[in-house]
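> my questions concern the predicted model and sequence given below.
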Amino acid sequence: MNQPKETQSTCPYCGVGCGVIIESSGNQITGVRGDPAHPANFGRLCTKGSTLHLTAIAAITQHSRLLHPMQRLTRGQQPQRVSWDAALTTAARKVADIIQADGPDAVGFYISGQLLTEDYYVFNKLAKGLIGTNNIDSNSRLCMSSAVTGYKQTLGADAPPACYDDVNHAGTIFIVGANPAYAHPIMFRRIEAARQARPDLKIVVCDPRRTDTAEIADLFLPIQPGTDVMLFNGMLHIMLWEGWLDSAYMADHTSDFEALKATVRDYTPFMVAQTCGITKADLLEAARLFAGLDASSPAQRRPTLSLYCQGLNQSSSGSAKNAALINLHLATGQIGKMGAGPFSLTGQPNAMGGREVGGMANLLLGHRDLSNPVHRAEVAALWGLPSVPSKPGKTAVEMFQAAADGEIKALWIACTNPAQSMPDQATVRRALERAEFVVVQEAFAGTATCAFADLLLPATTWGEKEGTVTNSERRISRVRAGVAPPGEARHDWQIVVDFAQRLQPNTLLPYTSPESIWNEHRESTRGRDLDITGMSYAMLEHAPQQWPLAEGETQGQARLYQDGIFPTPDGRARFVNTVYMPVAEAREARYPFSLCTGRLRDQWHGMSRTGTLGRLFGHVPELQMHPQDMARRLLKDGDLVHVTSKRGSILVPLQASADLGLSQVFLPMHWGEEYLSGLSASGQRLAGVNALTTSAFCPDSKQPEFKHAAVKVLKAELPWSLLAMAWLPAGHLQWAHQALQQLMRQFDYASCVLFSNSTALNACDQERSGLLFRASAPQAPEDALLAQIESLLNLDSPQVLRYRDKQRGQRRAALRQHGDTHTTLAAFMLAGDTRAQSWIKTLLQGELPAHAYGRALMVPGAKPPMPVAPRAAQVCACFNVSDGAIEAQLRGTAGTAQERLASLQSALKCGTNCGSCLPQLQRMVRADPKMSPASRAS
């Protein structure tokens with residue numbers, strides 16, 4: 001019998017970089033828990049991290065993973081299995097032919113912030129050293145490039161100066177363009193703990209949408225989309241006027257303030273309030289809190305920590321937004337001390353590591369710049385080459401545009417899904433179709449990009465990889481393998497090294513282990529701002545380490561610039577003259593809504609991993625709109641609507657939300673064609689949310705403006721609809737999901753997601769999962785298509801109850817499952833008339849007794865034969881606590897808001913494990929009509 005094994009590693013999701021302990025038996029991951037010794041999370045995990053082991057079960061691996069090299073001889077056909085030797089030989093021949101015919105710049109590499117640092121390093125060396133092109137960019141371009149540019153323009157280097165512990169020392173935490181309650185949950189737990197320990201801590205949240213993060217705010221600024229520079233310049237105007245600047249710090253440690261001072265004179269409180277859509281009083285309060293001025297002790301400045309993410313980064317003014325915020329820190333001396341500083345929250349697990357090794361089109365290893373000839377010479381010397389290419393490489397948007405134009409002939413895509421995640425999907429798909437040779441190096445077989453690949457190379461993923469990652473606070477952690485790779489999957493760095501030897505046999509990529517790669521990377525940092533020559537793999541085996549940590553030192557720096565000296569030519573930080581520019585695509589009469597995108601609590605990126613678990617679909621809204629906007633357009637919850645921009649259109653169900661401002665709509669970034677699809681008027685398959693987004697990008701960072709697009713919203717007139725649900729065995733679930741995804745394109749609108757009975761996490765052996773398939777069309781499709789859907793959902797057996805009215809386009813099927821104590825509903829399909837979905841869906845998903853319903857399941861209409869209580873929505877995923885249970889508990893509980901929350905946690909355990917549901921719990925406590933205003937404030 002296999003002995004249980006425990007392996008310390010790192011979570012593969014967000015940039016918090018939580019330590020995890022992988023539990024395994026033989027070659028199967030059996031569990032995961034937070035590592036109490038890891039300084040990023042001290043044992044805590046969010047809902048995504050807590051369920052990592054469930055995404056690695058054998059049934060999911062068998063059906064969702066890419067397990068063997070595959071080749072398409074003809075585009076659009078099913079790929080055929082080939083050997084690794086044949087695959088890499090083909091890749092080397094195709095790439096060599098393209099280089100010979102069109103030069104090295106006809107090749108482009110698009111890689112990922114989810115790769116390990118060692119993977120990143122060899123890809124970068126392959127492109128810039130061996131092939132001789134700078135056409136290598138990363139999906140970190142979509143995530144962090146504006147933060148990088150902002151740091152470099154102001155502070156001189158891409159180095160976040162603060163650390164996680166600063167939340168425990170801040171007087172004010174200024175959260176802008178970020179929703180850490182969803183995107184960085186463990187960081188948010190730290191903020192909550194800091195507030196509980198220090199009730200005088202002030203929290204300001206600035207966001208167009210009232211997110212769960214805003215629930216903790218003392219001051220909430222619901223600014224209009226894209227107006228951040230206007231806000232920050234307006235705050236600086238007030239600080240100047242009121243004399244709140246730290247003039248001594250500015251004189252000793254900064255330069256270039258005069259130009260900015262002249263600019264912000266025009267940003268009057270009236271103009272800023274009008275443009276941003278906030279009150280002048282709130283603007284004044286935000287400036288006072290940021291400056292750190294305490295009314296009770298005006299002579300003492302409290303430290304201010306700013307936390308920011310994609311709301312600032314993903315913008316056509318992203319670099320200006322970042323620089324304008326850092327200007328505020330420099331003007332008030334809020335940097336280089338405990339509890340203070342501009343702290344960008346990294347979106348991906350290793351976007352920082354990729355930046356360290358120069359894995360982007362404008363960077364070189366060790367935080368060197370491609371445009372600097374001295375830096376190019378240093379890299380050439382490190383690699384033993386006469387030179388490295390000086391021609392600027394194509395950044396992400398530019399690369400796919402160049403491929404669409406025929407300039408780039410070969411695309412090599414690794415560990416990312418541009419056919420879901422890139423903006424302006426029409427251009428991206430044209431690029432993938434026009435490129436002569438497309439390689440996709442991927443762990444998951446079902447991503448949208450895999451369908452465009454000529455060659456599919458199976459890569460390892462979390463739980464199987466060895467190497468390092470760097471988190472948001474510059475902390476390098478080890479990633480370790482708990483199990484061996486499945487099938488023929490290989491490590492990303494190994495694939496690159498093997499390909500390089502076939503392309504040009506030499507010793508430029510001689511690596512035999514991740515450590516050998518890391519050691520070369522370490523040497524490249526010598527004397528640089530991120531110097532890690534004092535680290536070793538042995539040191540990282542003992543504990544994660546922060547950079548810089550130079551040779552001879554024993555501990556990295558938690559905070560940078562405490563001496564006021566910056567990595568600029570004169571040692572001074574620079575103010576940037578930031579001028580407000582509106583969004584790239586303003587609302588207009590034809591496109592009157594601002595589309596904002598963002599994260600869901602329990603999902604990650606394109607859902608290739610998290611989308612394999614039904615329990616993580618419990619908090620999944622699609623399009624949201626303010627109720628007043630809906631009323632004016634005669635729209636209601638559940639209506640199917642066309643959302644259209646100048647680039648494309650999609651169909652989605654609508655949901656009311658007062659968290660949005662007027663003339664705004666919100667759509668989660670995760671929805672790609674793998675889960676939400678259909679057909680356009682021209683017969684093209686709908687490509688998810690990024691069919692709508694614009695490729696307009698910041699001129700400095702080249703990061704696209706995902707956070708705003710002008711759209712119109714119109715009700716869809718699709719009278720025929722379908723809803724089907726079925727519990728399915730684990731071995732059948734992923735296969736059926738993939739098969740149904742292929743059928744989605746035969747409807748005008750279709751979605752296919754998993755669901756579960758949402759057992760508590762400690763009882764996941766009792767969990768059941770199933771599929772929910774929705775579709776709409778102008779008229780009923782052919783019977784053969786409906787029969788195909790029924791077959792995939794186990795609705796093709798003789799035991800199935802059936803009803804069909806072909807004239808009206810109506811069809812029903814239901815399968816009951818007889819157990820020891822009662823009969824439940826195992827599967828059903830409603831076609832044509834779906835009004836009964838409200839109670840039949842509850843009957844199935846709630847596993848309620850269904851024997852008494854019998855033929856009533858076949859009766860058209862919405863009314864159940866006997867009352868069925870609506871299914872309560874899950875709030876706590878760890879202990880499967882619903883909103884109904886919470887409301888019932890609150891009805892019998894008195895006391896302050898804190899006391900009532902404690903009662904909920906004691907009685908139901910909700911919010912006591914990962915804590916991801918705490919903001920929602922707190923909102924429910926405050927919203928309870930029994931709460932007095934005084935109790936709500938307590």
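Done, it's in. Residues are numbered from 1 along each chain as shown.
> A strand includes residue 813, no?
Yes: judged by DSSP: H, G, I helix; E, B strand; the rest coil, residue 813 forms part of a strand.
> surely it meets residue 791?
No: at 10.6 Å, residue 813 and residue 791 do not qualify as touching, with contact defined as CB atoms under 8 Å. From N, CA and C alone the C-beta is placed, and that goes for glycine too.
> in terms of neighbours, single out the busier of those two.
Taking neighbours as other CB atoms under 10 Å, residue 813 and residue 791 compare with residue 813 leading, 24 against 13.
> for that one, name its beta-bridge partners.
Counting by DSSP bridges, residue 813 is bridged to residue 802, residue 829.
> now do the contacts for it.
790, 795, 800-803, 827-829 (CB atoms under 8 Å, 6 or more residues apart in numbering).
> now residue 6
Counting by CB under 8 Å, 6+ apart, residue 6 has contacts 21-24.
> in strands only, show me those.
Taking DSSP state E, the ones among the contacts of residue 6 that sit in strands are 21-24.
> any idea how far residue 778 is from the residue in the chain sticking out farthest from the centre?
For the chain, the C-alpha lying farthest from the average C-alpha position belongs to residue 807; by CA atoms, centre = their mean, that distance is 46.0 Å. According to CB to CB, to the nearest Å, residue 807 stands 17 Å off from residue 778.
> do the same with residue 680
14 Å.
> okay, these two: which has more neighbours?
residue 680 (17 against 10).
> pLDDT value on that one, please?
Residue 680 is assigned a predicted lDDT (pLDDT) of 74.
> where's residue 705 relative to residue 488, distance?
40 Å.
> ok, the two, which is more surrounded?
Higher neighbour count among residue 705 and residue 488: residue 705, with 23 against 15, using other CB under 10 Å.
> so what's that one up against?
Contact partners of residue 705, counting by CB under 8 Å, 6+ apart, are 314-316, 318, 423, 583-585, 693-694, 696-698.
> can you pick out the most distant pair from the contacts of residue 813?
Using CB to CB, the contacts of residue 813 span at most 14.7 Å, a distance reached by 803 and 827.
> those two: who's more crowded?
When residue 803 is set against residue 827 and neighbours are counted by other CB under 10 Å, the residue ahead is residue 827, at 23 against 17.
> hang on, isn't that one packed against residue 812?
No: contact criterion CB under 8 Å: residue 827 and residue 812 do not qualify, at 11.6 Å.
> quick one on the thing from earlier: of the contacts of residue 813, buried ones?
Taking 16 or more other CB atoms under 10 Å as the criterion, what is buried in these is 790, 795, 800-801, 803, 827-829.
> show the contacting residues for the spatially closest residue to residue 363 that is not a sequence neighbour.
Leaving out its chain neighbours, the residue that sits closest to residue 363 by CB to CB, 6 or more residues apart in numbering is residue 370, at 6.3 Å. By CB under 8 Å, 6+ apart, the contact set of residue 370 is 134, 358, 361-364, 376, 390, 392-393.
> among these, which one sits closest to residue 737?
Nearest to residue 737 among those, with distances taken as CB to CB, is residue 361, at 35.8 Å.
> so that closest one makes contact with residue 140?
No: between residue 361 and residue 140 there is no contact under CB under 8 Å: 11.0 Å.
> okay, the two: which has more neighbours?
Per other CB under 10 Å, whichever of residue 361 and residue 140 has more neighbours is residue 140, with 30 against 26.
> is it true that that one lies in a helix?
Yes: according to three-state DSSP, residue 140 belongs to a helix.
> okay, it: pLDDT?
So, for residue 140, pLDDT stands at 96.
> please apply the same query to residue 895.
For residue 895, the model assigns a pLDDT of 87.
> then the one 5 residues further on?
The predicted local distance difference test score for residue 900 is 88.
> what about it, how many neighbours?
By the criterion of other CB under 10 Å, residue 900 has 23 neighbours.
> how about the one 4 residues further on?
When neighbours are defined as other CB under 10 Å, residue 904 has 24 of them.
> and the strands in the stretch 801-938 of the chain?
Secondary structure of the stretch 801-938 of the chain (DSSP state E, counting those that start in this stretch): strands at 801-805, 810-818, 823-831, 874-876, 881-882.
> tell me which of the ones you listed is the most buried.
strand 874-876 (a mean of 25; mean count of other CB atoms under 10 Å).
> that one pairs with which strands?
Strand 874-876 is paired, per DSSP bridges, with strand 881-882 (antiparallel).
> middle-most residue in the chain, spatially?
Residue closest to the mean C-alpha point of the chain, counted by CA atoms, centre = their mean, is residue 605 at 4.1 Å.
> quick one: secondary structure of it?
Recorded secondary structure, residue 605: coil (three-state DSSP).
> ok, it to residue 449 distance?
Relative to residue 449, and taking CB to CB, residue 605 is found at 12 Å.
> ok, now residue 73?
19 Å.
> so the two - more neighbours on which side?
residue 449 (26 against 8).
> right, and the more buried one touches residue 418 too?
Yes: under the criterion of CB under 8 Å, residue 449 makes contact with residue 418 at 5.8 Å.
> what touches both of those two?
residue 432.
> give me the number of residues near residue 506?
10.
> nearest spatial neighbour of it, chain-adjacent residues omitted?
residue 130 (7.7 Å).
> how about residue 431?
residue 403 (3.6 Å).
> okay, whichever strand or helix holds that neighbour in PDB with CA atoms only?
Following DSSP states H and E, one finds residue 403 within helix 396-404. The C-alpha trace of helix 396-404 is given here as PDB (Å, rounded to 0.1, in the frame of the first residue of the first chain):
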ATOM      1  CA  ALA A 396       1.000  41.100 -27.000                       C
ATOM      2  CA  VAL A 397      -1.500  43.100 -29.000                       C
ATOM      3  CA  GLU A 398       1.100  44.000 -31.600                       C
ATOM      4  CA  MET A 399       2.100  40.400 -32.000                       C
ATOM      5  CA  PHE A 400      -1.300  39.100 -32.800                       C
ATOM      6  CA  GLN A 401      -2.000  42.100 -35.100                       C
ATOM      7  CA  ALA A 402       1.300  41.300 -36.900                       C
ATOM      8  CA  ALA A 403       0.200  37.600 -37.300                       C
ATOM      9  CA  ALA A 404      -3.200  38.700 -38.500                       C
END
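> quick one: mean pLDDT for it?
Rounded mean pLDDT across helix 396-404 is 98.
> same question, stretch 5-18
Here the average pLDDT along stretch 5-18 is 98.
> can you give me the end-to-end distance of that stretch?
In stretch 5-18, first residue to last residue: 20 Å (CA to CA, to the nearest Å).
> which of the residues in it are buried?
7-18.
> tell me which two in the residues you listed are the farthest apart.
Pairwise over these, using CB to CB, the maximum falls at 7 and 15, 21.8 Å.
> let's see the pLDDT reported for residue 296.
On pLDDT, residue 296 comes in at 63.
> actually residue 809, sorry about that
At residue 809, pLDDT is 84.
> before we move on, what about the one 5 residues further on?
Listed pLDDT for residue 814 reads 94.
> try residue 919
pLDDT at residue 919 comes out at 86.
> OK, contacts around the nearest residue to residue 716 once chain neighbours are set aside?
Counting by CB to CB, 6+ apart, residue 716 lies nearest to residue 640, which is 4.4 Å off, once chain neighbours are set aside. Residue 640 makes contact with 651-654, 715-716, 718, 749, 776, according to CB under 8 Å, 6+ apart.
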